[in-house]
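# Pasting the sequence and the predicted model now:
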Amino acid sequence: MIKIEYNLTSYEDMFRYFAKCLKLKITDNVVHFTPDKGNGFIKLINLQNNLQVIAYDCVSYESILFHRKRSEKEFYVLRLDEATEATGVTKSSLFFGKTNQEWFYMLSANTQLRQLNILISRKWLDEYFANEDAEQILTNYITLKSPLAVYEILDAEYRRLMNEMMSTPEEKQFEQMILENRIALIIERFFTKLFKSIENENSNLRISSVELKRVKDVENELLKDFSQQPPPIAQLARVAAMSPSKLKMLFKEVFGLPVNQYYQRHRMNKAKAMLLSKKYTVRETANGLGFSNVSSFNKAYYKAFEQLPADIATPVYK
Amino acid sequence: MIEINFNNSDYSNLIQVLARSFNLNAEKNFLRLPKSIGEGYAVSYSLPEGLSVFISDTLLYENLLFHRQASTNQHYFILQFNESFTKGDADQQPEAMEQHVYNIRRNAVLLTSSLMEAKFFIPKGVRIRSVRIILGNDLLNSYTGREMADKFLSNYFAMLLKNRNPEIIGTDYRILMDELIKEKIDHPLRTKFIYNRIMLMIEKLVTGFIGKLESNDQFIKLKDDEINRLIKVESLLVKDYSGTAPTINALSKIAAMSPTKLKRDFKAMYGLPIYEYYQKNRMTRARSLLLEGKYAVKEVGIMVGYSNLGHFAGSFKKEFGLLPSEIVNDDHNTRISEKDTHSVMWHDK
């Protein structure tokens, strides 16, 4: 397995770094996989409007683990992803997140990957939202929401736009224009849908900004340290200065899950991240996350991901 | 005949000029025609990169001539899309013979330069839906590269000067026009929505034109008059899908051509046989209605003339490879969980 760790917020640099990690050569902002490593390409695209895009249309014979480390700079990534594994199973998704969070992306060996990553700076977004009806709501959302991670189905319309970009004809004369316009449509579509879904959520959400801040404080407290038992609701309610029943209700409205399930979800994600990093054994991971024994960790892990920790802890060589 | 003179590169100025000429009050770049003058409205938008857009849907009671004087100090282009609907069959418009006078019914898609004088004749009694775009000289350069922009412009204007019609309104333009020609565009990211569609129209014009140029001149070799009649047939064909499609016989009467000639020339001009073209447009219309997210699949089916939902779904799938239900914008259903992806995200506080 090839591991690539990065926290770069310039795709120019990142692209070069990826090429180096994969030991591949860059020609004209394109990296072609050599026959011994796979096939297809990774491409860097600089757009007129200061957006940077990295596009993948490739198969790697070795699995690659991308690990984005936290960056203090405020950038956002919109990722469209369609991966067909050797078994024929296709997973596709759209993801939007902030670079001050960590994430992993696991590309297993022999998977046909088609992926678009769009890197967007905060300044760009502010200008993009400026003077639009959605400005206030979207700006608040990306500022306050933490963690900021939106997963969506990669629907037919997104796939159509992606296809139109990937299969530009042999004559490359209009490539730039076609790319610019499709990327613009993808971004427009994403933020339009995001705006609508926030509106829907907020229409049933009756919460003052003071309460919202307190619920966020509670969330902070809850996820602070996974090695300890989570604070009891009563204690969290004191942090929030509200009754336990009110806290439970508001928490679920804001974060979409009850307090304990939310805690468990993040604890298991952390577990998966630790295992994927290969720096920790299953036992160490279980201990680090406050499980008293490995078997209860296994059970919880299986419940979350329908696989056992051991399945990803030991690398599988094909 | 009313004559309007202007040579500004900003359409909000044209709204003001029109308001003054008709003694009206324009609010926020929006102008509604009073009953004494006609029906409809005009609205202008200023967009990023110096783009200015003028959108109108009007029916005037008097002939109107727009006179755009040549500008010597500023170089920009004017791109317009005009779709017209006549009520009767009568084609009473005078044929303009003077140079630089464009009949917007014949040149429904028209690109002109600010360096040349141009007059556009708007006939009375005809409903006209328009999208007009002013784009700076460098916009094309930056999107297509200078070499391509030069190639496109020189070939396009050469063709225009020879009095040929380089482009017609087909399905793709019509979808974009339908999205833009509204009194009020209700969209949370309005400016970007308009800008993106305008850019698609420009893209389509340039790529389509160069495509035809390079595939050895697939420009229509028909007489003007025949082109006009075919345009009429096309607009009739795609006007309304709720009833049954007009028969070839009925269409050939309107076109005053034999059915055989009509079928052959229609295909040459629009790229598809008549009924395939009809069906394609009908399905595309259904698709954009579904994407608007306001209607249920069943409603859309009825709007495009299907009483049987199964037939609708079948035809739709044949055209796009997907069922109508698969593209309906259901906001509650589009969120997925991390489990269905290859990624894991967590956050340490």
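Right, received. Where do you want to start?
# domain ranges for chain A?
Split into domains by automatic domain parsing, chain A comes to A:2-204, A:209-313.
# and B:Y61, which of these is closest to it?
Proximity to B:Y61 (Cβ to Cβ) singles out domain A:2-204 among the domains of chain A, at 35.8 Å. C-beta here means a position set from N, CA and C on the backbone, and glycine is covered the same way.
# Just give me how far that closest one sits from the chain centre.
How far domain A:2-204 lies from its chain's middle: 10 Å, per Cα atoms, centre = their mean, to the nearest Å.
# For the stretch 101-250 of chain B, give me the ranges with low pLDDT.
B:216-220 (pLDDT under 70).
# near chain A, which residues of it show up?
When proximity is defined as Cβ under 8 Å from any Cβ of the partner chain, the stretch 101-250 of chain B approaches chain A at B:142-145, B:148, B:187-193, B:195-196, B:199-200, B:203, B:206-207, B:210.
# could you show me where the helices are in the stretch 1-150 of chain B, in order?
Ranges of helices in the stretch 1-150 of chain B, per DSSP state H, counting those that start in this stretch, are B:11-22, B:137-144, B:146-161.
# Which elements pack onto the first one?
Applying 3 or more Cβ pairs under 8 Å, 6 or more residues apart in numbering or on different chains; DSSP states H and E, one finds that helix B:11-22 makes contact with strand B:2-6, strand B:30-32, strand B:38-46, strand B:52-60.
# Mean confidence (pLDDT) on that helix, please.
Averaged over helix B:11-22, pLDDT sits at 90.
# If we go by neighbour counts, what in that helix is buried?
B:Y11, B:S12, B:L14, B:I15, B:Q16, B:V17, B:L18, B:A19, B:F22 (16 or more other Cβ atoms under 10 Å in any protein chain shown).
# Could you check the pLDDT of the closest residue to the third one other than its chain neighbours?
Okay, so that is B:L14. Distances taken as Cβ to Cβ, 6 or more residues apart in numbering or on different chains place B:F6 nearest to B:L14, at 5.7 Å, with adjacent residues excluded. Per-residue confidence (pLDDT) for B:F6: 86.
# Looking at chain A, which helix is longest?
Counting by DSSP state H, the longest helix found in chain A is helix A:175-204.
# Going by neighbour count, which residues of that one are buried?
Judged by neighbour count (16+ other Cβ under 10 Å), helix A:175-204 contains these buried residues: A:176-198.
# and what of stretch A:118-131?
A:I118, A:L119, A:I120, A:S121, A:R122, A:W124, A:L125, A:Y128, A:F129.
# repeat for stretch B:121-133
The neighbour-count check on stretch B:121-133 (16+ other Cβ under 10 Å) flags B:F121, B:I122, B:P123, B:G125, B:V126, B:R127, B:I128, B:R129, B:S130, B:V131, B:R132, B:I133 as buried.
# can you give me the helices in the stretch 151-300 of chain B?
B:171-180, B:190-214, B:224-237, B:248-255, B:259-270, B:274-292, B:297-303.
# give the contact list for A:V239.
Counting by Cβ atoms under 8 Å, 6 or more residues apart in numbering or on different chains, A:V239 touches A:R214, A:D217, A:V218, A:E221, A:P231.
# again, only this time at 6 Å
Contacts for A:V239 (Cβ atoms under 6 Å, 6 or more residues apart in numbering or on different chains) come out as A:D217, A:V218, A:E221.
# where does the closest residue to the first one other than its chain neighbours land in three-state SS?
This means A:D217. Of all residues not flanking A:D217 in the chain, A:V239 sits nearest, at 5.8 Å (Cβ to Cβ, 6+ apart). With DSSP: H, G, I helix; E, B strand; the rest coil as the basis, A:V239 sits in helix.
# Can you tell me how far A:V239 is from A:R214?
With distances taken as Cβ to Cβ, to the nearest Å, A:V239 is found 7 Å from A:R214.
# show me the residues around the nearest residue to B:M116 once chain neighbours are set aside that make contact.
Nearest residue to B:M116, sequence neighbours excluded (Cβ to Cβ, 6+ apart): B:A70, at 5.8 Å. By Cβ under 6 Å, 6+ apart, the contact set of B:A70 is B:L115, B:M116, B:E117.
# count of residues packed around the first one?
By that I understand B:L115. Residues within reach of B:L115, counting by other Cβ atoms under 10 Å in any protein chain shown, total 13.
# Disregarding flanking residues, what is the spatial nearest neighbour of A:F251?
Nearest residue to A:F251 in three dimensions, chain neighbours excluded: A:V259, at 5.3 Å (Cβ to Cβ, 6+ apart).
# again, but for A:D81
A:Q115 (4.7 Å).
# and the one you found, backbone torsions?
Main-chain torsions, A:Q115, degrees, to the nearest 10: phi -140, psi 140.
# And the next helix or strand past the helix or strand hosting A:L116?
Using DSSP states H and E, A:L116 falls within strand A:112-121. Per DSSP H and E, the first helix or strand lying C-terminal to strand A:112-121 is helix A:122-129.
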